[in-house]
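# no FASTA, just this:
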């Protein structure tokens, strides 16, 4: 393939990766800190998407960008305080089931409110005109570039938060050794709640970012859940670096396989996941002892 | 506590089960269903029975059961469509394929526990779904599903309607009997030990991995039986059969019924299918209602419908049950 | 390196105790015998056969049974079922294709389980759910599970840890009773010196990953090296 084709596929791959990374980061944060597999993570994504759609079309994009992350963060806190906290000690199976149930309810509510058909989600006005890329690569939808940019910024902010703040230190300590966190007298409850809030916020950002790129329907959340979990598992559950790297791998694999092997484009992600898990069961950067 | 006592209990139990199963075709219409719904309920009953042997006993939650159902249905449907109408041949091949796949999947996925296992089964089911949708669509009919399957034949007569119902009843009764035998066998005890304290079991000299794989294979076998029956009965296999949300529905049925009780999930299947039938006529939001019912069970009654008598008993504080004999306990639930 | 250059020989039929200050490497040592840890180099031989590279379940089937630090039982199952799992495992080996076997056929295994329960004096609780037992009884249950498998070598990892005086005394008594059989070898890791000196016929002392003393209880009591190891700055 030509250089420009390759470059375009690469950019698209990065965009797909960006969404995977945002969702996977939230998932792995929640799992690494609380030990809960959040099957409702796709629902949080969908809420972000639909909320973004409504606000951007009724009030304006600027408001949508501000409101969605805040609302999702709050929802995350409510989610933890209102439901998850009662399931911390219950077996893994129950945690999966209750979050799965919530995911279904959210999906069906979305279907009731917005209808079951795919809704187009227009990006802001200025992002609707294809921009010309340098190096003679041709025209490209700017929103996809925005997605990549926003994700990079979010990831950097997240890493700064985790590396340089006391809160971040506690989260990282908790992810390495949940028992220790309790012994150190750290208020685990508040920690957990904030983590779920942040994770939900990340999912919401992914939702509002990806909406214009892929348009939304009520089942988008469920559809995204499986690849997202696989990204987390490949990267290593509880590993933030892993989530990023695995997200990149999956996004790029997905993008390039459409060109090289379209028949298996859909299942490439599963094949990669299976391969990694057979040869390196705890994932690329997995922390020993989790799972 | 004699051997005769146990056998009598078992006969009574299976007798009641047979009565309920064989009369379903007439009892279901009494509460607003239709006769064919009974056949559906029974086929799903076999499917959830398989899931319960895995989840109820070992505690490993599989979100990939749709794979067993779907593959069984597609293989059987394909054979009925193109090769022969002999129901035994079609079912046998379908079940064999599913069992082999269950073995391969089990060996790969059971190396991990809890969440990893659930996600892996989920991933594999999705893989099968996408395989059926695109690369294999010449065999599976792709998006449209497998249509126009010819009616299966048993010893020369076509099976449909009432004859199909009786055929399914026999399979269901057999499945229930085998499932109970498994649960009450030493094997069943080992599986329960896996759920209770898997590491301990390994140190007790048991090759836990082998036992888990066998449970998975048996569970897949039941799924294969159900899937092949479904293709034979419905004469159509929709692609949704392989979708992971279908796996989710199966789990929902089992939770509502009560994991670990064998009959519980079957009752759960009946409840869900019945509600689906009745509610979908009344409202478009039937799935939402199901979701809410499911959540309520998970939060308030995780043991399902089967745990209701116990819960009520505790609520009203009736006198404690007397200890039952060892042999009874082994032969009972 | 938790254990370095440690050599231990246990005589058949004896009660052998391994002691040492905290961090001496006792548990690591035990884990290497039982198969949860693989030594970087060296051998583990039992009855002339090497145990290296074997899975925990294979090691168990060779007759080596372990009692855990905190009683490892099956909480949701009844006491009798807990022990029956052990007897069935002994009967059927690491895996048996017996998923259709009728309950009547395992009468012998259940009887053996009842026998083990009687020996630890817990037969009256056969129907109770294991999770409802007291700590001391859970320990007894675990002992029953181990005994039921007629082990050739019983490994006990701090069996009286966290126990009250009464429970400890009861456990010592139980272990002494079992010790009457010459056919079972016991290796006991312990901190409680009273337990050690009551039960052990042979004692090995580990310190900082190596063996510093090995001999009869008398020898150990009088050994200066041992006293120094315990009193010289190491916490008990």
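Sure thing, it's come through. Predicted, not measured: the structure shown is a model, and the values here were computed from it.
# residue C:21 belongs to a strand, doesn't it?
No. Applying DSSP: H, G, I helix; E, B strand; the rest coil, one finds residue C:21 to be coil, outside a strand.
# from what I can see it touches residue C:227, true?
No. Between residue C:21 and residue C:227 there is no contact, the gap being 11.4 Å when judged by C-beta atoms under 8 Å. In short, each C-beta sits where N, CA and C put it, glycine included.
# so which of these two has more stuff around it?
Between residue C:21 and residue C:227, residue C:21 has the larger neighbour count (other C-beta atoms under 10 Å in any protein chain shown), namely 20 against 12.
# now do the contacts for residue B:26.
Residues in contact with residue B:26 (C-beta atoms under 8 Å, 6 or more residues apart in numbering or on different chains) are residue B:35.
# can you give me the neighbour number for residue 40?
Answering for chain A, as no chain was given. Neighbours around residue A:40, by other C-beta under 10 Å: 28.
# oops, chain C please
For residue C:40, using other C-beta under 10 Å, the count is 9.
# what's the spacing between it and chain A?
Remark: distance between residue C:40 and chain A (C-beta to the nearest C-beta, to the nearest Å) = 18 Å.
# show the pLDDT at that residue.
With respect to pLDDT, residue C:40 has a value of 76.
# residue B:72 now?
pLDDT, residue B:72: 94.
# and for it, nearest residue in space, chain neighbours not counted?
Excluding the flanking residues, the one nearest residue B:72 by C-beta to C-beta, 6 or more residues apart in numbering or on different chains is residue B:227, at 2.7 Å.
# what helices and strands are in contact with the helix or strand the one you found falls within?
Element membership of residue B:227, judged by DSSP states H and E, is helix B:208-234. Contacts defined by 3 or more C-beta pairs under 8 Å, 6 or more residues apart in numbering or on different chains; DSSP states H and E place helix B:208-234 against helix B:35-52, helix B:65-82, helix B:87-109, helix B:162-184, helix B:186-203.
# please identify the most buried of the ones you listed.
Highest mean neighbour count of the helices and strands packed on helix B:208-234: helix B:65-82, a mean of 28 (counted as mean count of other C-beta atoms under 10 Å in any protein chain shown).
# by contact count, what packs against that helix?
Using 3+ C-beta pairs under 8 Å, 6+ apart, helix B:65-82 is in contact with helix B:35-52, helix B:87-109, helix B:114-133, helix B:137-140, helix B:208-234, helix B:244-257.
# count the residues that sit near the residue nearest to residue B:72.
For residue B:227, using other C-beta under 10 Å, the count is 34.
# same question, the one 3 residues further on
Neighbour count of residue B:230, defined by other C-beta under 10 Å: 26.
# same check on residue A:120?
9.
# also the one 10 residues further on?
Residues near residue A:130, counting by other C-beta under 10 Å, number 12.
# and it, what is it in contact with?
Counting by C-beta under 8 Å, 6+ apart, residue A:130 has contacts A:139, A:140, A:141, A:142.
# what pairs with the residue nearest to the second one when sequence neighbours are not counted across the strands?
By the measure of C-beta to C-beta, 6+ apart, the closest residue to residue A:140 outside its immediate chain neighbours is residue A:133, 5.2 Å from it. With DSSP bridges as the criterion, the beta-bridge partners of residue A:133 are residue A:138.
# list the contacts for residue A:133?
Contacts of residue A:133 by C-beta under 8 Å, 6+ apart are A:7, A:139, A:140.
# related to what we said a few turns ago, what sits in contact with each of residue C:21 and residue C:227?
If you check residue C:21 and residue C:227 against C-beta under 8 Å, 6+ apart, no residue is contacted by both.
# just want the residue of chain C that's nearest chain A.
Closest approach between chain C and chain A, counting by C-beta to the nearest C-beta: residue C:76, at 11.1 Å.
# how about that residue, phi and psi?
Listed backbone geometry of residue C:76 is phi -80, psi -10, with angles given as degrees, to the nearest 10.
# do I have it right that it meets residue B:196?
Yes. Using C-beta under 8 Å, residue C:76 is in contact with residue B:196, at 5.0 Å.
# so how far is stretch A:115-129 off the chain centroid?
20 Å (C-alpha atoms, centre = their mean, to the nearest Å).
# check whether it contacts chain B.
No. Applying C-beta under 8 Å from any C-beta of the partner chain, one finds stretch A:115-129 out of contact with chain B, separated by at least 9.1 Å.
# mind listing what's buried in that stretch?
In terms of neighbour count (16 or more other C-beta atoms under 10 Å in any protein chain shown), stretch A:115-129 has its buried residues at A:119, A:121, A:123, A:124, A:127.
# averaging pLDDT per element, find the lowest-scoring helix or strand in chain A.
helix A:178-183 (a mean of 66; mean pLDDT, DSSP states H and E).
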